[in-house]
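With the sequence up front, the predicted model follows.
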Amino acid sequence: MEQQAQNSQDKDPKLWAMAKQRAAFKKDLVYYMVINAFLWVIWAISNYNDKEFDGGIPWPIWPTVGWGIAMIIEYFSVYKFPKEITAEKEYEKLKNNNKNY
């Protein structure tokens, strides 16, 4: 227990926060894939013997696309434009722009 407390104190807080966000994203991605696969299987089973299926838009497309958009936004916020890095860049810009004053 003591070693774990020392390890948590040795961690860079910014990197630790980013690592936690990335781990959460990966967990969310697994949920997305499993639940959407389940929805598509339900749709396929329910339409397997349906002779009246008109070939329209399958209903699982809506949660797949909607949740997929949310996953894309989460991906960019975690991997491409993390808040800490973006805030630091903006701070540096402001600091450099205000040197003239």
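Here it is on my side, so go on.

how would you label the most centrally placed residue in the chain: helix, strand or coil?
By CA atoms, centre = their mean, the chain has its centre lying nearest to residue 74, at 3.4 Å. Assigned with DSSP: H, G, I helix; E, B strand; the rest coil, residue 74 falls in the helix class.

Tell me if I'm right that it and residue 28 touch.
Yes. Between residue 74 and residue 28 there is a contact under CB atoms under 8 Å: 6.6 Å. Yep, even glycine has a C-beta here, placed from its N, CA and C like the rest.

Count the residues that sit near residue 15.
The tally of other residues near residue 15 (other CB atoms under 10 Å) stands at 10.

Can you tell me how far it is from residue 72?
Residue 15 sits 24 Å away from residue 72, taking CB to CB, to the nearest Å as the criterion.

The residue nearest to the residue nearest to the centre of the chain when sequence neighbours are not counted and residue 11, how far apart?
Distances taken as CB to CB, 6 or more residues apart in numbering place residue 25 nearest to residue 74, at 5.7 Å, with adjacent residues excluded. Applying CB to CB, the value for residue 25 to residue 11 is 19 Å.
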